[in-house]
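1. the sequence and its predicted three-dimensional model are supplied below.
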Amino acid sequence: MKILSTSIEDVKIVEPKRFGDQRGYFFESWHRAKYKEAGITSSFVQDNCSMSRYGTIRGLHFQLVHPQAKLVQVLKGSVYDVAVDIRVGSPTFGQWVGVELSEENGRQLYIPEGFAHGFCVASEEAVFSYKCSDYYMPEDEGGILWSDPGIGIEWPNVESVLSDKDQVYPCLADIEPSRLPKYSGSGGGA
Ligand SMILES: Cc1cn([C@H]2C[C@H](O)[C@@H](COP(=O)(O)OP(=O)(O)O[C@H]3O[C@H](C)C(=O)[C@H](O)[C@H]3O)O2)c(=O)[nH]c1=O
């Protein structure tokens, strides 16, 4: 397994070792001891899976009181995956990381607590699978507009297919700081 840094400390790209043979391929998608040794110490409690068609954008979502660190990957297809640092007080507050995740590149992205997360589907369909370090709490969910000009995410040029709620989230600058997670120093789970 390889761990790659990104422009935001604590957001890591993980490249699990893939074993290919005449049947196809195998890789370990999670291994607590090996990931801990690599600095990813979150204890995940919920796995999610979604399938989305070309052009879908899901996000930017976060939970406030029950923040979720995530280990995300694409099992089929390809997405442009984005993590935005929304931790009040963070030196990289408002900055974002975008990474292509695909079945082909086999990459995972580790996103610590305190980030807004979203992705855009660049293939005909994408099956997106991820681990969360806290349970889904709909009443605790917040969101930021995917096209927030103050963040300036460079999404790939695709039609944007969004849920009703994802179309009306506020921009980061319009959210009360008390409604955003707080920065508690680097190493938030990574
Ligand atoms: C997230 C979630 C959703 N649901 C139910 C609630 C809705 O009836 C349905 C679809 O939910 P939603 O439209 O919020 O799904 P996404 O837009 O894929 O949300 C996710 O999108 C971005 C990319 C994320 O990182 C979050 O994990 C999550 O917010 O699944 C559940 O039952 N459990 C869950 O954990």
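-> Nice, thanks for sending it over.

2. mind checking how far the residue of the chain positioned farthest from its centre is from Leu75?
-> Residue farthest from the centre of the chain, counting by CA atoms, centre = their mean, is Gln22 at 32.3 Å. From Gln22 across to Leu75, the span is 21 Å (CB to CB, to the nearest Å). From N, CA and C alone the C-beta is placed, and that goes for glycine too.

3. residues in this protein within reach of the ligand, list them.
-> Applying CB under 6 Å from any ligand atom, one finds that the chain approaches the ligand through 48, 50, 58-59, 61, 117-119, 136, 163.

4. buried subset of those, written for ChimeraX?
-> Command for ChimeraX that selects the buried part of those, burial taken from 16 or more other CB atoms under 10 Å:
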select :58,59,61,117,118,119
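
5. in the chain, which residue is closest to the centre?
-> Note on the chain: the residue nearest the mean C-alpha position is His117, at 4.4 Å, using CA atoms, centre = their mean.

6. go ahead and confirm it touches Ile86.
-> No: with contact defined as CB atoms under 8 Å, His117 does not count as touching Ile86 (10.1 Å).

7. spit out the residues that contact these two alike.
-> Common neighbours of His117 and Ile86, using CB atoms under 8 Å, 6 or more residues apart in numbering, are Phe62.

8. just the endpoints, please. Distance across stretch 73-82?
-> The first residue of stretch 73-82 is 12 Å away from its last residue (CA to CA, to the nearest Å).

9. list the contacts of that stretch.
-> 29, 49, 52, 59-60, 72, 96-104, 106-109, 117-130, 153, 155-156.

10. helices along the protein, start to end?
-> Remark: helices assigned in the chain by DSSP state H are 32-37.

11. for it, just list every one of the strands.
-> With strands called from DSSP state E, the chain shows them at 2-5, 12-15, 18-21, 24-27, 46-53, 57-63, 70-76, 78-85, 96-102, 108-111, 115-121, 125-132, 141-143.

12. please identify the most buried of those.
-> Among the strands of the chain, strand 108-111 has the highest mean neighbour count (mean count of other CB atoms under 10 Å), at a mean of 28.

13. remind me which residues of this structure are low pLDDT?
-> Low-confidence segments of the chain, defined by pLDDT under 70: 186-190.

14. repeat that for 50
-> Scanning the chain with the threshold set as pLDDT under 50 gives 188-190.

15. Trp30 and Phe44 touch, don't they?
-> Yes: look at Trp30 against Phe44 with CB under 8 Å: they come within range, at 7.4 Å.

16. list residues touching both of these two?
-> Joint contacts of Trp30 and Phe44 (CB under 8 Å, 6+ apart) are 71, 131.

17. who has more neighbours, the two?
-> Phe44 (18 against 15; other CB atoms under 10 Å).

18. just list the residues touching the more buried one, thanks.
-> Neighbouring residues of Phe44 by CB under 8 Å, 6+ apart: 30, 69, 71, 131-133.

19. now Phe62
-> By CB under 8 Å, 6+ apart, the neighbours of Phe62 are 68, 86, 114-117, 141-144, 181.
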